[in-house]
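S.K.: Provided below for reference: sequence and predicted model.
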Protein chains: 6
Amino acid sequence: MNVNTTSSMTDTIRAQAAAHASPGVEIVGLTPSFGPESVEGNFESYLAAVAVMDRVVRYDEPYDAVIQAGYGEHGREGLQELLDVPVVDITEAAAQVAMLIGRTYSVVTTLDRAVPQIEDRLRLAGLTGRCASVRASGLSVLELERDPALAVDAIVAQAREAVVDDRAEVICLGCGGMAGLDREITAATGVPVVDGVAAAVALAEGLVRLGLTTSKVRTYGTPRPKAVTGWPITTGTATGVRSTDAGRRSRGGDA
Amino acid sequence: MNVNTTSSMTDTIRAQAAAHASPGVEIVGLTPSFGPESVEGNFESYLAAVAVMDRVVRYDEPYDAVIQAGYGEHGREGLQELLDVPVVDITEAAAQVAMLIGRTYSVVTTLDRAVPQIEDRLRLAGLTGRCASVRASGLSVLELERDPALAVDAIVAQAREAVVDDRAEVICLGCGGMAGLDREITAATGVPVVDGVAAAVALAEGLVRLGLTTSKVRTYGTPRPKAVTGWPITTGTATGVRSTDAGRRSRGGDA
Amino acid sequence: MNVNTTSSMTDTIRAQAAAHASPGVEIVGLTPSFGPESVEGNFESYLAAVAVMDRVVRYDEPYDAVIQAGYGEHGREGLQELLDVPVVDITEAAAQVAMLIGRTYSVVTTLDRAVPQIEDRLRLAGLTGRCASVRASGLSVLELERDPALAVDAIVAQAREAVVDDRAEVICLGCGGMAGLDREITAATGVPVVDGVAAAVALAEGLVRLGLTTSKVRTYGTPRPKAVTGWPITTGTATGVRSTDAGRRSRGGDA
Amino acid sequence: MNVNTTSSMTDTIRAQAAAHASPGVEIVGLTPSFGPESVEGNFESYLAAVAVMDRVVRYDEPYDAVIQAGYGEHGREGLQELLDVPVVDITEAAAQVAMLIGRTYSVVTTLDRAVPQIEDRLRLAGLTGRCASVRASGLSVLELERDPALAVDAIVAQAREAVVDDRAEVICLGCGGMAGLDREITAATGVPVVDGVAAAVALAEGLVRLGLTTSKVRTYGTPRPKAVTGWPITTGTATGVRSTDAGRRSRGGDA
Amino acid sequence: MNVNTTSSMTDTIRAQAAAHASPGVEIVGLTPSFGPESVEGNFESYLAAVAVMDRVVRYDEPYDAVIQAGYGEHGREGLQELLDVPVVDITEAAAQVAMLIGRTYSVVTTLDRAVPQIEDRLRLAGLTGRCASVRASGLSVLELERDPALAVDAIVAQAREAVVDDRAEVICLGCGGMAGLDREITAATGVPVVDGVAAAVALAEGLVRLGLTTSKVRTYGTPRPKAVTGWPITTGTATGVRSTDAGRRSRGGDA
Amino acid sequence: MNVNTTSSMTDTIRAQAAAHASPGVEIVGLTPSFGPESVEGNFESYLAAVAVMDRVVRYDEPYDAVIQAGYGEHGREGLQELLDVPVVDITEAAAQVAMLIGRTYSVVTTLDRAVPQIEDRLRLAGLTGRCASVRASGLSVLELERDPALAVDAIVAQAREAVVDDRAEVICLGCGGMAGLDREITAATGVPVVDGVAAAVALAEGLVRLGLTTSKVRTYGTPRPKAVTGWPITTGTATGVRSTDAGRRSRGGDA
């Protein structure tokens, strides 16, 4: 589930997910029907969170798990309430995988203003204890999308400082749009690099194989029955926001 | 700014705010144009956050500050990005005021499922260090609205345990809909009781008098220019979600 | 309540308070009858704490709240025990106000040795979670008093580093004697600057308006009846320490 | 890799691992050549840590990852230094998986004295932020092994208290020997139950699929060349400690 | 250095210190010249802190170290600035010794209102990480002084709860006036009991033997030269507060 | 108890201990019978922990306390379980002593890879709250042993940065092999320098004088009776690892 409305990013994310999925696992890429073309900041992130929930609840094919492919974005808890299948956020997935292979990790993200949001999400997830730093490459999400080579340079520069100055032992790529850059950055820095989308696929598959899903006992219980006006936001005919995206899907392994 | 679509709660909140405002301060009550009738859980809270932003950006009269009157709800950071005036969340306002008058405070809220959200908001706000506990009265927001006497009993029972067992020295009323119950609960417990709406009015007035507003240097900077589809959610004519609320206002002191 | 015996600083503080008080609020400036001419370090701070309590308990006019105008100094808890009205410490007031308008704040204070004390007071107050740093300008309290222009330069230099290197979004002026420098430093740094005295006035007024005062249920309970020798320190006639200060007062707005 | 010398526990653990492994994954069960029959306490845990390393370095078949199947035991860091493949500890694996499906988790372990060790391992792993409690069932490792029905009752009793009193949303089974009890305890408590061995299999498989292994840049770097006397402890012929265990292996799915 | 003006408590403390001092170590007992007869609360504690400094700076015999024998009281930092010899606070000494012999410790103190102060002192001292709880026996300092048998019962009751419920492994006696009760309470609870005065003697002797004293590089630097009015509080002839105590001393071993 | 098998380091450590012991205290130096010649990393540290326990349990003369003279090494908890006398780790002893004489301390150790282990041991010991930093001199344990003058220069360089940049007020020498360098480094840096071996002697003597030893109530209880294969590792005749070290002892004062 991409968090922004740029469908080329959905393609990138879906391809990255498919490349790391086990044989027989099908990856479907979804794009929100409304919201920002890239998510940078809290207003956009809150809007995207609702657009993501709006898109997921309208998806009527069966599926086993949802990956929310926004780094440091709001909304994972809402999806967990609405769904019975596991929901994995790439921010947390990357951090968990990093903690399995190094004592400390740093995140390298896009703009400076994304740093506090990532820190906040990691704090709420209880994953800051081994986080050495969250660093910004200075590139916006769309610049990253347009010029991956430039992105690699900027990310490598920050990753090196993270390893030397912040004593990170693993680097997490802090943007869904960085999917696929991990190998190059590993080569340049000498430390393992974790892509959140790939990490989330591994964890989501693991949960499904273990037969585990979200606990409904308290925090993520199903919403109580009540009047909710205007939900879902995107409705069939009577609204200015109409759904135009179709799920893009592919079989794992073909990406 | 009420966070749910129940307009009687907007009236209660507005009256409480007006009762604690300085002479000459005008309080306007706003209700979201869509979203849940009461906010209990993350899905509803995220939706409400967007509905609140949607309502505020469409309000075209001048104002000096915004109070977000939902306890433990998402969204304050988004409003801070969108606005140039101070934004005060009642969760944080109550905690800050409590910390000025006691070494520790507890929050007594509605349902058990609200507790984690309040804890999370206080954690992100850096206000947990002196929080003795967050306790649930077991009443839903709408039950509270319907039967304030019952609510007082349930809140007092939890407040007493908070003072004796959790060593709280101040009680915060953990729901916008509890506005106005503070005096009765103080009388029953012997400790100061802080109502978030009243506290937020005091802090918002203070910020205005000090000439201070949200720092735009990083986290709460104005959203970057970009394509945002379907925003605001509520548009003039072409959408299923139409604005029906009019700002309810009163001069301070007449409530 | 100034914490040192330099009466010109009492005047500065009182004027700053009066400038930010609401119409009709009277500000009285008090100076301790004994103790250091400036407070820099723990010995001096402990002595000042007792001198402050000594001065306040001997003040026999009615008043609604006390502001302790020393940054990072001891004693607030003692005043809270002795008094029934709210007591607001400028260290905490500044931090609270800063947290309402930015995700993080830094304090810029006087000498290097003041830094640990400020950190300790913020830690006990549970207000360090969003404190980016406490920095020293290198100027002593009395140098600051003598040459405000020099002070502005030194403070601005540290404030800029706090914003860029420590990622602060708001600056708190970490000395009662910095009162009045906030506008100039805001202009130079582009971030909101909070003066503790002004912040404390806003919060103290808020508490009074809300009808709230210190919880007496445990930590700040009234001292138990017992023999206390030599208290107050300053007595009418029989002691070497005689009271010579008279309360300096003015109506808010005339400063 | 079992941590104690009781080979029937190796069988239980291997079977649990095999039951959760993907098709085509082979699970080999290893037993230390010396050390305690069950590991309960620090002396035994340190001895087991060395016995585990001793056993693993003498295993000369190829393998893709190692799972250390002791809950709250020492040694994972040492294995990470010695090996180039991923090493997954069941204590951490269980906690990570639990954090993906609930806001908080509790661990239910064997004896009271195991609790501090588990807490310490979770603390070093940076996984305590969402740990609601670590509770003891009061059964020793060998009692658990002998009487699984009794174990289920004791674990369920503690799990229920964890959910109600400590507000846990997921239960982790805090002993390698509890493998296989998860379904029964889920049925009795209504919350997801995570078995560490199963969780570790999922995470280890994920790491292998992602092509990630331990960072060697600092903490887990290969030991420096130097004289190490008496290592490995278990040698071919000249020592009192002789290796008698043979790797027990099975194809995944046949357990 | 006793913190209150009750000279019989000085005698108790001095005897306890002398009983644990090495051969050849002389213990001198000092009593403040003014202040409360017992110290319970912040006002009294701040006053005592100044009275302690006042007494120590007027003591003109040579000495090697100072022990501040108040549990959870203010002032240690001030003494450290004024003196070149080590200063050991019994609150911290007891905690340090407890941490050497158990994983966790609890403090059992006098009144409920002493608990927050002890917690604060331990927090500033960085010694809370292994503190299981601070509990109140409900006896005032003077009741404790009058009826040690009653005190033992009340302390034992709390100590037992600390061991069972809070999982403490060591008990610290949280009042200078509890000196000498340690053996009886150890016998009743089965866990080691640490008396702060005895612990402080051991640590102070250790520092002297190691040739170490307070670092003067920053926090505890000597006070800067400046005008300090009315200091010391107790002067030779011209003040209402006159020194009447003489140092009570004894050779170690004769107590 | 030296942690490595280099007997010249045992001599250095024993001499340092003896130089700081009280008159009449006898210091015995022990060397492990197997394990690494120097301990740098977790594998070596775990092996050393077992070798230390192996050596201590085979020592059959009476003794009053054990000092584990490895900085940041594993194993102290195991010794505490096995013995009835106090066990003091030099990492913790140095930190405790440092905290008595300065607000913050830094550790200067050998190699970069030792830093995480020291941090972990301090974290488990609850002694990080006032730790300003752990810094590496870049010298290995054996280089340090070979060239103390070079070591002094490298340590002084890091110590100076610790004082200025990390705001440390005391320096702890982070390697058992640095014993004896404290005076030179104090002279060069102007802050107190704590040697762990000397500190441990002072604390161990203090515990013995106070009649206190390890609490056996939970974490450090005596190991339960059970089958432990191959323990102790070093046996009389039938094993490849044979004990060759004899306790080196001296009367305190003769070193």
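M.R.: Okay, I see it. A quick note: this is a predicted structure, and the numbers were derived from the prediction, not measured.

S.K.: Going by C-alpha atoms from here, please, whenever you check contacts or count neighbours.
M.R.: Fine.

S.K.: right, is stretch A:66-83 up against chain C?
M.R.: No - shown here: stretch A:66-83 not in contact with chain C (Cα under 8 Å from any Cα of the partner chain), separated by at least 15.9 Å.

S.K.: Span of that stretch from start to end?
M.R.: Using Cα to Cα, to the nearest Å, the end-to-end distance of stretch A:66-83 comes out at 9 Å.

S.K.: Mind checking if it is in reach of chain D?
M.R.: No - Stretch A:66-83 lies out of reach of chain D by Cα under 8 Å from any Cα, never closer than 8.5 Å.

S.K.: can you map out the helices along chain A?
M.R.: Listed from the start of the chain, chain A has helices (DSSP state H) covering A:7-20, A:42-57, A:76-82, A:90-101, A:114-124, A:141-146, A:148-164, A:182-189, A:196-210.

S.K.: hey, least reliable of those helices by pLDDT?
M.R.: Here those differ in mean pLDDT, and the lowest is helix A:141-146 at a mean of 85.

S.K.: just to revisit the earlier point, can you lay out the helices of chain A as JSON lines showing distance to C:Glu205 and mean neighbour count?
M.R.: What follows is the helices of chain A, written out as JSON lines (distance: least, Cα to Cα, whole Å; neighbours: other Cα atoms under 10 Å in any protein chain shown):
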{"stretch": "helix A:7-20", "distance to C:Glu205": "52", "mean neighbour count": "23"}
{"stretch": "helix A:42-57", "distance to C:Glu205": "32", "mean neighbour count": "26"}
{"stretch": "helix A:76-82", "distance to C:Glu205": "39", "mean neighbour count": "23"}
{"stretch": "helix A:90-101", "distance to C:Glu205": "43", "mean neighbour count": "27"}
{"stretch": "helix A:114-124", "distance to C:Glu205": "33", "mean neighbour count": "20"}
{"stretch": "helix A:141-146", "distance to C:Glu205": "46", "mean neighbour count": "16"}
{"stretch": "helix A:148-164", "distance to C:Glu205": "46", "mean neighbour count": "19"}
{"stretch": "helix A:182-189", "distance to C:Glu205": "56", "mean neighbour count": "16"}
{"stretch": "helix A:196-210", "distance to C:Glu205": "49", "mean neighbour count": "26"}
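
S.K.: and chain E, which of those is closest to it?
M.R.: Ranking those by distance to chain E, with Cα to the nearest Cα as the measure, places helix A:114-124 first at 20.0 Å.

S.K.: would you list the helices of chain A in JSON lines and tack on distance to E:Ala15?
M.R.: Listed next are the helices of chain A as JSON lines, based on distance: least, Cα to Cα, whole Å:
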{"stretch": "helix A:7-20", "distance to E:Ala15": "73"}
{"stretch": "helix A:42-57", "distance to E:Ala15": "64"}
{"stretch": "helix A:76-82", "distance to E:Ala15": "61"}
{"stretch": "helix A:90-101", "distance to E:Ala15": "54"}
{"stretch": "helix A:114-124", "distance to E:Ala15": "51"}
{"stretch": "helix A:141-146", "distance to E:Ala15": "72"}
{"stretch": "helix A:148-164", "distance to E:Ala15": "56"}
{"stretch": "helix A:182-189", "distance to E:Ala15": "64"}
{"stretch": "helix A:196-210", "distance to E:Ala15": "64"}
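
S.K.: F:Pro192 is nearest to which of the ones you listed?
M.R.: With Cα to Cα as the measure, helix A:148-164 is the member of the helices of chain A nearest F:Pro192 (29.2 Å).

S.K.: still on that earlier bit, who wins for proximity to C:Thr189 among the helices of chain A?
M.R.: Across the helices of chain A, the minimum distance to C:Thr189, taken as Cα to Cα, is reached by helix A:114-124, at 20.5 Å.

S.K.: could you check whether the closest one is close to chain D?
M.R.: No - judged by Cα under 8 Å from any Cα, helix A:114-124 and chain D are separated, with a smallest distance of 8.7 Å.

S.K.: can you state the direction angle for that helix and helix A:90-101?
M.R.: Between the direction of helix A:114-124 and that of helix A:90-101, the angle (axes from the mean of the first three to the mean of the last three Cα atoms, to 10 degrees) works out to 70 degrees.

S.K.: So which elements touch helix A:114-124?
M.R.: The helices and strands touching helix A:114-124, judged by 3 or more Cα pairs under 8 Å, 6 or more residues apart in numbering or on different chains; DSSP states H and E, are helix A:90-101, strand A:131-136, helix B:114-124.

S.K.: Out of those, which is closest to E:Glu77?
M.R.: Put simply, out of the helices and strands packed on helix A:114-124 the one that sits nearest E:Glu77 is helix B:114-124, at 31.1 Å, with distance taken as Cα to Cα.

S.K.: In PDB, list the C-alpha atoms belonging to that closest one.
M.R.: What follows is helix B:114-124 as a C-alpha-only set of coordinates in PDB (Å, rounded to 0.1, in the frame of the first residue of the first chain):
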ATOM      1  CA  ALA B 114      -8.700   5.200  25.000                       C
ATOM      2  CA  VAL B 115      -5.900   4.600  27.500                       C
ATOM      3  CA  PRO B 116      -3.200   3.600  25.100                       C
ATOM      4  CA  GLN B 117      -3.900   6.600  22.800                       C
ATOM      5  CA  ILE B 118      -3.700   9.000  25.600                       C
ATOM      6  CA  GLU B 119      -0.400   7.400  26.800                       C
ATOM      7  CA  ASP B 120       0.900   7.700  23.300                       C
ATOM      8  CA  ARG B 121       0.000  11.400  22.900                       C
ATOM      9  CA  LEU B 122       1.500  12.200  26.300                       C
ATOM     10  CA  ARG B 123       4.700  10.200  25.400                       C
ATOM     11  CA  LEU B 124       5.100  12.100  22.100                       C
END
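
S.K.: Next one: A:Arg183 from chain F, what distance?
M.R.: Going from A:Arg183 to chain F by Cα to the nearest Cα, to the nearest Å gives 26 Å.

S.K.: Excluding covalently adjacent residues, which one is nearest to whichever residue of the stretch 51-200 of chain A sits closest to chain B?
M.R.: For the stretch 51-200 of chain A and chain B, the shortest gap (Cα to the nearest Cα) falls at A:Gly78, measuring 4.0 Å. With Cα to Cα, 6 or more residues apart in numbering or on different chains as the measure, B:Phe43 is the residue that lies nearest to A:Gly78, at 4.0 Å, once sequence neighbours are left out.

S.K.: and of the helices of chain A, who's closest to C:Thr109?
M.R.: If we rank those by Cα to Cα, the stretch that ends up nearest is helix A:114-124, at 25.5 Å.

S.K.: quick one on the thing from earlier: out of the helices of chain A, which comes closest to D:Ser8?
M.R.: With Cα to Cα as the criterion, D:Ser8 lies closest to helix A:196-210 of the helices of chain A, at 23.6 Å.

S.K.: Would you tell me whether that closest one gets close to chain D?
M.R.: Yes - for helix A:196-210, a contact with chain D is found by Cα under 8 Å from any Cα, at A:198-199, A:202-203, A:206-207, A:209-210.

S.K.: which one of these is nearest C:Thr110?
M.R.: Distances from the residues of helix A:196-210 next to chain D to C:Thr110 were compared by Cα to Cα; the smallest belongs to A:Ala199, at 48.3 Å.

S.K.: Make CSV from the residues of helix A:196-210 next to chain D and add distance to chain F to it.
M.R.: As requested, the residues of helix A:196-210 next to chain D are arranged in CSV below (distance: Cα to the nearest Cα, whole Å):
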residue, distance to chain F
A:Ala198, 28
A:Ala199, 26
A:Ala202, 29
A:Leu203, 28
A:Gly206, 30
A:Leu207, 31
A:Arg209, 33
A:Leu210, 32
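
S.K.: before we move on, the earlier item: distance of the residue of the stretch 51-200 of chain A closest to chain B from A:Ile233?
M.R.: Taking Cα to Cα, one finds A:Gly78 at 15 Å from A:Ile233.

S.K.: try A:Ser8
M.R.: Between A:Ser8 and A:Ile233 the distance, using Cα to Cα, works out to 23 Å.

S.K.: Ok, A:Glu143 next?
M.R.: Following Cα to Cα, the distance that separates A:Glu143 from A:Ile233 is 30 Å.

S.K.: Next, the contact list for the spatially most central residue of chain A, please.
M.R.: The geometric centre of chain A, computed from its C-alpha atoms, lies nearest to A:Ala69 (Cα atoms, centre = their mean), at 2.2 Å. For A:Ala69, the contact set (Cα atoms under 8 Å, 6 or more residues apart in numbering or on different chains) comprises A:1-3, A:13, A:89-90, A:176, A:196-197.
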